[in-house]
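Student: Pasting the sequence and the predicted coordinates here, then a few questions.
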Number of protein chains: 2
Amino acid sequence: MLRKQDDYIMIFQDIFRTTQPLAAGEPGMKPKNKLSRVLIVGGTHGNEFTGAYLIKKFEQFPELIHRSSFETLTLLANPQAFTAARRYINKDLNRCFLRQNLEDSKLSSYEDLRAKEINHLFGQNGKTPVDFILDLHSTTANMGVTIIVDNDEPFNMQLAAYLNYVSPSVKVYSSGNSGRSHNSLRSLGRFGIGIEVGSVPQGVLNADFFLKTEAIIYTILDYLQQYNQGKVPHFPNTLIFYRYMEAIDYPRNERGEIQAVIHPQLQFKDYEVLNPADPMFLTFDDQIISYQGNSTVYPVFINEAAYYEKGIAMCFTEKHQITI
Amino acid sequence: MLRKQDDYIMIFQDIFRTTQPLAAGEPGMKPKNKLSRVLIVGGTHGNEFTGAYLIKKFEQFPELIHRSSFETLTLLANPQAFTAARRYINKDLNRCFLRQNLEDSKLSSYEDLRAKEINHLFGQNGKTPVDFILDLHSTTANMGVTIIVDNDEPFNMQLAAYLNYVSPSVKVYSSGNSGRSHNSLRSLGRFGIGIEVGSVPQGVLNADFFLKTEAIIYTILDYLQQYNQGKVPHFPNTLIFYRYMEAIDYPRNERGEIQAVIHPQLQFKDYEVLNPADPMFLTFDDQIISYQGNSTVYPVFINEAAYYEKGIAMCFTEKHQITI
């Protein structure tokens, strides 16, 4: 039984304020540089199945991502890790794209070589350089549908603001100074954003987030099409976003073993207010460790599985409102 | 700040009907064979952190699991896999305990050797044979707190019924003919059960399930103590449990790749009724695959991450009520 358009609307109605395109804008926002090539990436982390299986789907049904004004390419970024259902084989691919590393012939792990290969294909000096990269991720943190921008680049921010407008439940996270703008796969594109959905366990395909990610991809492709046509839709131009401040580690003993769990009152509370003296951790000897800072913060990536080894229990952000 | 008894009661009240021991039974149920040694096992799967970190906690605070009438031992079963935050290094340790495999000198993978070592330590012909094994697991399926019994052994069933009585939200799953009674780690004990909690992502420690698992361990140890004293508490002796029928795989293509996701209406619906014609899968070309059987079943382990590679999307069970 084929799913009908009505079913799609039903499925997406909690994420999209409207499935109808907004009224097209005046040609006032004419594109300085039309986009000619868009790359959708999944499986940059092999155990984040949402993106990986969407790539598989789009490879099978390329008409779904075809738009007339640009070419849409797909990439399963870390196929060996995907087959092994692991984040990576030797090292985190999404930290391998620093220019100096791409040029370092001594770096030869599987992911180092794969990063160089992807750069040769899609980087700005590659075979088929891409103008926009959409990199699909999932997280065990309760971040819903999050748009990740790595800098204040106006094109990316405008797109993020649009997605937040058409679906107010979509959050916008600016990775700011966390390094992602320099070493991530999507940094290869002229423009690019990440999509982070969760809470989804590693190695699990969850229908809800699969469908939501699929819907937001189509919305982005339609937006890029309108951009190319000088018809970016009008929408109110304020945006609330959450900017990375610092990473917070778990309490650990002298051997580096964690000694506490995220406090039940903080678990799943991504993007919610954390005030001074609010509980953060519950130690194995039943002590509560509270937030000792002086200012309100908004934690994200709370209890992300892949970040235990990176020494990150959560990332503090500050909330901003800007006019685009 | 140390957590007080009141806090424990607050934390556990949703799982335990009472934190007070029931009235002790008459000595009618005098133990034929007192238990002299109990083994609590965590990290049989290295990325199931709930059990692994409880073992770490008990190693640090052994008084928590001390009971006067038996010796309580702990085991982090797969330390290399735990360090790597993976289910296993070479193969699933919890399938390595078939007698013929333990005696097969040609089997020499890390987990094969580890299984032999554990058998030499705790098996019935080992150095310190154990009477009861409590093996701690977590799942990405929404199975709440589940007691797993591998056969109809009256001692195990009686304990499961007791736990279901003191906390009606605790479910009892009989792995029946799935093979677990012969190849699992807990099959080494004279008696033994598994505890399966979820949904918890792999590689994540979740406070709620950590505390619930901890609470149920103390309840089990208290029960075993009462058993040894011939004072097993009285309680109504009917039990509803779910018996394994068969494993259901994902729809796959000729290359073995999955072609569908668990249908949103079935996701997280472990232990709920699945009737003929109810949706089970949503394929990547947007078709709904419905349950084609003739009888009502109760799926469990729906979308368990570790079972993708085993070709299991869920396990069908049938619901039973028995008088113990």
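Tutor: Thanks, I have the structure now.
Student: who in the stretch 101-250 of chain A is up against chain B?
Tutor: Applying C-beta under 8 Å from any C-beta of the partner chain, one finds that the stretch 101-250 of chain A approaches chain B through A:140, A:199-208, A:210-211. C-beta: built from backbone N, CA, C; applies to glycine.
Student: try it again with 10 Å
Tutor: The stretch 101-250 of chain A comes close to chain B at residues A:139-141, A:198-211, A:214, A:250, as judged by C-beta under 10 Å from any C-beta of the partner chain.
Student: Now go through those and say which are in strands.
Tutor: Among those, the members falling in strands are A:Gly198 (criterion: DSSP state E).
Student: Looking at the residues of the stretch 101-250 of chain A next to chain B, which are in helices?
Tutor: Those of those mapping onto helices are A:207-211, A:214, per DSSP state H.
Student: Closest one of these to A:Gly126?
Tutor: A:Glu214 (27.3 Å; C-beta to C-beta).
Student: low pLDDT regions in chain A?
Tutor: A:1-32 (pLDDT under 70).
Student: let's see 50
Tutor: Counting by pLDDT under 50, the ranges of chain A that qualify are A:1-13, A:17-20, A:27-28.
Student: how's it carved up into domains?
Tutor: As recorded under automatic domain parsing, the domains making up chain A are A:5-236, A:241-323.
Student: so how far is chain B from the nearest residue to A:Val130 once chain neighbours are set aside?
Tutor: Excluding the flanking residues, the one nearest A:Val130 by C-beta to C-beta, 6 or more residues apart in numbering or on different chains is A:Leu39, at 4.2 Å. Distance, A:Leu39 to chain B, by C-beta to the nearest C-beta, to the nearest Å: 20 Å.
Student: can you count the residues close to A:Leu39?
Tutor: Each residue near A:Leu39 was counted by other C-beta atoms under 10 Å in any protein chain shown, and the total is 26.
Student: Check for me that it belongs to a helix.
Tutor: No - counting by DSSP: H, G, I helix; E, B strand; the rest coil, A:Leu39 falls outside a helix, being strand.
Student: That one against A:Asp131, yeah?
Tutor: Yes - between A:Leu39 and A:Asp131 there is a contact at 8.7 Å, judged by C-beta atoms under 10 Å.
Student: Name the residues contacting each of those two.
Tutor: Jointly contacting A:Leu39 and A:Asp131 under the rule C-beta atoms under 10 Å, 6 or more residues apart in numbering or on different chains are A:71, A:189, A:192.
Student: Three-state assignment for the last one, please.
Tutor: Of the three states, A:Gly192 takes strand under three-state DSSP.
Student: and if you look at the first one?
Tutor: In terms of secondary structure, A:Glu71 is strand; the call rests on three-state DSSP.
Student: Please look at it and A:Lys34 and confirm they touch.
Tutor: No - look at A:Glu71 against A:Lys34 with C-beta under 10 Å: they stay out of range, at 11.8 Å.
Student: any common contacting residues for the two?
Tutor: A:Asp131.
Student: any idea how far the residue of chain A most remote from its centre is from chain B?
Tutor: In chain A, the greatest distance from the average C-alpha position (C-alpha atoms, centre = their mean) is reached by A:Asp285, at 35.9 Å. Per C-beta to the nearest C-beta, A:Asp285 is found 7 Å from chain B.
Student: which ones are touching A:Ser109?
Tutor: Per C-beta under 10 Å, 6+ apart, neighbours of A:Ser109: A:88-91, A:93, A:96, A:115.
Student: List only buried entries from those residues.
Tutor: The neighbour-count test (16 or more other C-beta atoms under 10 Å in any protein chain shown) applied to these identifies A:88-89, A:93, A:96, A:115 as buried.
Student: For chain A, just list every one of the helices.
Tutor: For chain A, applying DSSP H gives helices covering A:5-12, A:49-60, A:79-84, A:99-102, A:110-122, A:154-166, A:180-183, A:207-228.
Student: now, of these, which is deepest in the fold?
Tutor: helix A:49-60 (a mean of 22; mean count of other C-beta atoms under 10 Å in any protein chain shown).
Student: roughly how far out does it sit from the chain middle?
Tutor: Mean-position distance between helix A:49-60 and its chain equals 16 Å (C-alpha atoms, centre = their mean, to the nearest Å).
Student: That one close to chain B?
Tutor: Yes - using C-beta under 10 Å from any C-beta, helix A:49-60 reaches chain B at A:49-50, A:53-54, A:56-58, A:60.
Student: picking up where we left off before, can you list the contacts of A:Ser109 in JSON lines and add distance to B:Asn303?
Tutor: Shown next, in JSON lines, are those (distance: C-beta to C-beta, whole Å):
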{"residue": "A:Tyr88", "distance to B:Asn303": "23"}
{"residue": "A:Ile89", "distance to B:Asn303": "25"}
{"residue": "A:Asn90", "distance to B:Asn303": "29"}
{"residue": "A:Lys91", "distance to B:Asn303": "29"}
{"residue": "A:Leu93", "distance to B:Asn303": "25"}
{"residue": "A:Cys96", "distance to B:Asn303": "31"}
{"residue": "A:Ala115", "distance to B:Asn303": "31"}
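Student: ok, of those residues, which one's closest to B:Gln321?
Tutor: Among the contacts of A:Ser109, A:Tyr88 lies closest to B:Gln321 (C-beta to C-beta), at 48.0 Å.
Student: How much space separates that closest one from A:Thr50?
Tutor: Counting by C-beta to C-beta, to the nearest Å, the separation of A:Tyr88 from A:Thr50 is 17 Å.
Student: likewise A:Asn156?
Tutor: Distance check for A:Asn156 against A:Thr50: by C-beta to C-beta, it reads 21 Å.
Student: next one: A:Ala305
Tutor: The gap separating A:Ala305 from A:Thr50 is 14 Å, by C-beta to C-beta.
Student: what does A:Pro233 give?
Tutor: Shown here: A:Pro233 relative to A:Thr50, a distance of 27 Å by C-beta to C-beta.
Student: again with A:Leu282
Tutor: For A:Leu282, the distance to A:Thr50 (C-beta to C-beta) stands at 30 Å.
Student: same thing with A:Glu304?
Tutor: From A:Glu304 across to A:Thr50, the span is 15 Å (C-beta to C-beta).
Student: so A:Phe268 sits right up against A:Ser199, yeah?
Tutor: Yes - A:Phe268 is within contact range of A:Ser199, at 6.9 Å (criterion: C-beta under 10 Å).
Student: the more surrounded of the two?
Tutor: When neighbours are counted by other C-beta under 10 Å, A:Phe268 and A:Ser199 differ, and A:Ser199 comes out ahead with 23 against 17.
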